[in-house]
Structure formats: C-alpha cells, structure tokens
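# Got a predicted structure here, sequence first:
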Amino acid sequence: MERYYNIKMKKYQYKREIQVYCSHCKMWINEDTTKFVNIEEGMQGEDKLTFICPDCGQTSTSRRYG
C-alpha cells in the first residue's frame, strides 16, 4: 500500500494496489502494469478485468483483488 497526503481532507490516506491473475503465465500482476481491454461485472457483483499481460502478451480475464 502506498501512503499519500490528501490536501482536501487534510489527512494521510493509503492507496491499495489492485492485483489480477494471468492464467497463461500463472502470475499475479499489478493492475497498473497491464494493458486494459475490457471490464465487466460478474454474477456475484465482482469486477472482471480483461487485460493484456505484460509478461506473456496474452489476453486474459481475471477478478480484481485488493
């Protein structure tokens, strides 16, 4: 988690890092490093991200964790 100072609220806050799982290379990847393709809502209300993995270059779909 990254800590930063919010000027409007005049307090420190934390920024969560969202992780996604690439099923091709079997690795957890930070969402900021992937190339966004699509996002949709699953049956249980979770966010499902379709992305291009920076390591293997394949398109994969994963839930967003974090």
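Good, I have the coordinates. Numbers count the residues shown, from 1 in each chain.

# Okay, now the unreliable bits of this structure?
Under the criterion pLDDT under 70, the flagged ranges of the chain are 1.

# where do the strands sit along it?
Remark: strands assigned in the chain by DSSP state E are 2-6, 11-15, 19-22, 27-30, 35-41, 47-52, 59-63.

# Make CSV out of these and add mean neighbour count.
Where C-beta positions appear, they are placed from N, C-alpha and C, glycine not excepted. As requested, the strands of the chain are arranged in CSV below (neighbours: other CB atoms under 10 Å):
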stretch, mean neighbour count
strand 2-6, 9
strand 11-15, 9
strand 19-22, 19
strand 27-30, 13
strand 35-41, 10
strand 47-52, 16
strand 59-63, 17
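
# Return the residues in contact with the most centrally placed residue in the chain.
The C-alpha lying nearest the average C-alpha coordinate of the chain belongs to residue 31 (CA atoms, centre = their mean; 3.1 Å). With contact taken as CB atoms under 8 Å, 6 or more residues apart in numbering, residue 31 is in contact with 17, 18, 19, 20, 49, 51, 64, 66.
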